[in-house]
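Asker: Quick one, what's the 3D model for this:
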Amino acid sequence: MSASNSAAESKPEPVLRVQGLGLRFGSQQVLRDISFSVYPGQTLAIIGESGCGKTVLLKSLVALVRPQQGEVWFHDRNMLALDDRELTRMRLRFGFVFQNAALFDSLNVEQNIAFPLRRQGQKSEAEIRRIVRRRLHEVGLPESVLAKKPAQLSGGMRKRVGLARALAVSPEVVLYDEPTTGLDPIMSDVINELILRTQLRESVTSVIVTHDMRTVRKTADQVLMLYPLSRLQPGEPQVLFEGTPEQLQQARDERVQQFVRGEAGKRLQEMDETMI
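Answerer: The predicted structure follows:
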């Protein structure tokens, strides 16, 4: 057996496999022919400027938004073909960290973290209390915050509570939507470090939607860059780049490099042209 055949046979099956995904809202197409795979224990970062469909793509992975074309496979199940009951059961294997933490304002920190466990109804209250405290400790928060409401927490603390809630159910996959948005550089790095530690400690598979290149460099194994369809030429693929963070730095596409470097040059020129 050749080395190449041996490597091919040993490659694991993807946890998530997206094929030909297309989605539109009315007459506006947001996603077109998106395909990629995420493997066990891998962290995929989905990047791109605002309006390119990153968050919509993330929601499509668990059918919170339903594309009109394509398939989303979670192991051997097509998520888009499941009925509501099966879909609810499959979503229990995912953890969600929303852009603004999306904590329940009327619940305190303990109740927020415990919420998905109580919805499952499979554990005693004593077990739930132990899990809540363990997850709180893992995200670096003291037990003194358990009785606080979200409004009493800083932005960084809310993000960490959101991560603790996502981990409470011991998910197989964690989906992050802009986990560092609105945070100062130090707290952003805290969140990045927690994402990295979670991936290593829990052996979870992660998908991170972000525009923060520090998050990409620190946490990602693979990167997928989308581009707004409205700014593409006919027939151009929406995925401008797919590869490792190291390969991203060497990408030849000028649009990719402008995003990586945070340069507005050509965009300013385009904006000036539309004003004429």
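Asker: end to end, how far does stretch 196-209 reach?
Answerer: With CA to CA, to the nearest Å as the measure, stretch 196-209 spans 15 Å from end to end.
Asker: Just the residues contacting that stretch, thanks.
Answerer: Taking contacts as CB atoms under 8 Å, 6 or more residues apart in numbering, the residues outside stretch 196-209 that touch it are 15-16, 38-46, 54-55, 57-58, 61, 95, 138, 163, 167, 170-179, 195, 215, 218-220. Glycine gets a C-beta too; all of them are placed from N, C-alpha and C.
Asker: next one: stretch 174-183
Answerer: Outside stretch 174-183, the residues that touch it by CB under 8 Å, 6+ apart are 55, 58, 61-62, 94-100, 155-156, 159, 163, 166-167, 187-188, 191-192, 195, 198, 204-212, 214-215.
Asker: Show me just the buried residues among those.
Answerer: Listed as buried from the contacts of stretch 174-183 are 55, 58, 61-62, 94-99, 156, 159, 163, 166-167, 187-188, 191-192, 195, 198, 204-212, 215; burial here means 16 or more other CB atoms under 10 Å.
Asker: Restricted to helices, list the contacts of stretch 196-209.
Answerer: 54-55, 57-58, 138, 163, 167, 195, 215, 218-219 (DSSP state H).
Asker: Could you dump the residues you listed into JSON lines with distance to F241 and pLDDT added?
Answerer: Shown next, in JSON lines, are the ones in helices among the contacts of stretch 196-209 (distance: CB to CB, whole Å; pLDDT from 0 to 100):
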{"residue": "K54", "distance to F241": "13", "pLDDT": "95"}
{"residue": "T55", "distance to F241": "19", "pLDDT": "94"}
{"residue": "L57", "distance to F241": "15", "pLDDT": "97"}
{"residue": "L58", "distance to F241": "18", "pLDDT": "96"}
{"residue": "E138", "distance to F241": "33", "pLDDT": "91"}
{"residue": "L163", "distance to F241": "27", "pLDDT": "93"}
{"residue": "L167", "distance to F241": "30", "pLDDT": "92"}
{"residue": "I195", "distance to F241": "21", "pLDDT": "92"}
{"residue": "T215", "distance to F241": "16", "pLDDT": "95"}
{"residue": "K218", "distance to F241": "18", "pLDDT": "95"}
{"residue": "T219", "distance to F241": "17", "pLDDT": "95"}
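Asker: Most widely separated two among the residues you listed?
Answerer: Using CB to CB, these reach their maximum pairwise distance at L57 and E138, which is 28.0 Å.
Asker: of these two, who's got more company?
Answerer: Comparing L57 with E138 by other CB atoms under 10 Å, the one with more neighbours is L57, at 26 against 17.
Asker: which residues does the more buried one contact?
Answerer: The contact partners of L57, taken as CB under 8 Å, 6+ apart, are 21, 31, 34, 46, 209, 226.
Asker: That one and P67: what is the separation?
Answerer: As defined by CB to CB, to the nearest Å, L57 lies at a distance of 9 Å from P67.
Asker: Could you do T244 as well?
Answerer: Taking CB to CB, one finds T244 at 27 Å from P67.
Asker: who's more crowded, those two?
Answerer: The residue with more neighbours, out of T244 and P67, is P67; 22 against 12, by other CB under 10 Å.
Asker: So, low pLDDT: which residues of the stretch 1-150 of the chain?
Answerer: Within the stretch 1-150 of the chain, the ranges that satisfy pLDDT under 70 run 1-10.
Asker: In this protein, mark out all the strands, start to finish.
Answerer: For the chain, strands defined by DSSP state E occupy the ranges 16-25, 28-38, 43-47, 69-74, 77-78, 94-97, 173-177, 205-209, 222-226, 239-243.
Asker: do you know which of those strands lies nearest V109?
Answerer: It's strand 94-97; of the strands of the chain, that one is closest to V109 (CB to CB) at 15.2 Å.
Asker: who does the closest one pair up with?
Answerer: Here strand 94-97 has these sheet partners by DSSP bridges: strand 173-177 (parallel).
Asker: Can you check what angle separates the strand it pairs with from strand 205-209?
Answerer: 10 degrees (axes from the mean of the first three to the mean of the last three CA atoms, to 10 degrees).
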